[in-house]
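**Student:** pasted the sequence and its predicted model underneath.
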Amino acid sequence: MVMGSGKRVTVSSSQNMDMSIAAIRERHQQELENLTLTAQPFKTLKFFVLAMVQYCKRSVFYLLAKGGWLMLLSAVVALVAVVLVTIDGPHEKHVEELSHYLQFGLWWVALGVASSIGLGSGLHTFVLYLGPHIALFTIKAMQCGRVDLKSAPYDTIQLKRGPSWLDRDCHEFGDPVFPLSHGLRVPLSSILPQVQVEAILWGVGTALGELPPYFISRAGMYDLYAAVIRLSGLKLPVMKCLSGVLVTIHMH
């Protein structure tokens, strides 16, 4: 009778543990679903700020520990850039051209970041900027029968100005390069290289914007698996090892 009672106690404790683990998982899933900017704005912003501060601290400590040469190189590059900007000379036009390229790249990368990071809501910059830019360039190229409309690769829609080719008449670009055939003047294969740089930069921005939510969810899943394994009664070294493996499996 004693042995049977012991088995029943073991089975009961195991069932209670399974119920506790299931309850923790369900509660964690509900918290993740409710963690949006519209539902819990202050809590979402708090976690976002904490994650960004932690990520910046880790990056600074890593650079201080292993990136001494990188910091020295960055300081030299920054010093050279300041000297080139402040001193007049024949290099001014090249510095201005480089500035246009940097503004162009940062603009489209920032739009990608704003589209993906969202803090639970999302800013549809593809619909607002990238999509209209591709559509307007395609329409203009079809009307003019040529794709060499840009004055430079950075001649695109930006924050305070539009592209120079948008309001220009087709006669200013010259005669059509592609003849009209079957109602389609310019092939899409010729239009794609003219807009792919903006699309790639926007895509890079969306990938960068996914990093803060990734780190937040990774930290949350690590805590969840650690709590689950702790309830199972495993020792601390085994618990850390298994929690790390489970987090890796979950992320992949």
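**Tutor:** Nice, thanks for sending it over.
**Student:** what residues does stretch 69-80 touch?
**Tutor:** By C-beta atoms under 8 Å, 6 or more residues apart in numbering, the residues outside stretch 69-80 that reach it are 63-64. Quick note: C-beta positions are derived from backbone N, CA and C, even for glycine.
**Student:** what's the spacing between that stretch and its chain's center?
**Tutor:** Mean-position distance between stretch 69-80 and its chain equals 26 Å (C-alpha atoms, centre = their mean, to the nearest Å).
**Student:** what's the one helix or strand Gln196 maps to packed up against?
**Tutor:** For Gln196, the host element (DSSP states H and E) is helix 188-209. Counting by 3 or more C-beta pairs under 8 Å, 6 or more residues apart in numbering; DSSP states H and E, the packing neighbours recorded for helix 188-209 are helix 92-117, helix 131-144.
**Student:** helix 131-144 and the first one, what's the angle between them?
**Tutor:** Same thing as helix 92-117. Counting by axes from the mean of the first three to the mean of the last three C-alpha atoms, to 10 degrees, helix 92-117 lies at 120 degrees to helix 131-144.
**Student:** and the next helix or strand past helix 92-117?
**Tutor:** Reading on from helix 92-117 to the C-terminus, the next helix or strand found by DSSP H and E is helix 125.
**Student:** what's that next one packed up against?
**Tutor:** Contacts defined by 3+ C-beta pairs under 8 Å, 6+ apart place helix 125 against helix 92-117.
**Student:** angle of the helix it packs on against helix 188-209?
**Tutor:** Going by the same axes, to 10 degrees, helix 92-117 is angled at 70 degrees with respect to helix 188-209.
**Student:** what sits against Leu201?
**Tutor:** Counted by C-beta under 8 Å, 6+ apart, Leu201 has contacts 105, 108-109, 112.
**Student:** try 10 Å this time
**Tutor:** Counting by C-beta atoms under 10 Å, 6 or more residues apart in numbering, Leu201 makes contact with 104-112, 130.
**Student:** quick check: of these, which lies closest to Val186?
**Tutor:** In terms of C-beta to C-beta, no member of the contacts of Leu201 lies closer to Val186 than Leu130, at 19.7 Å.
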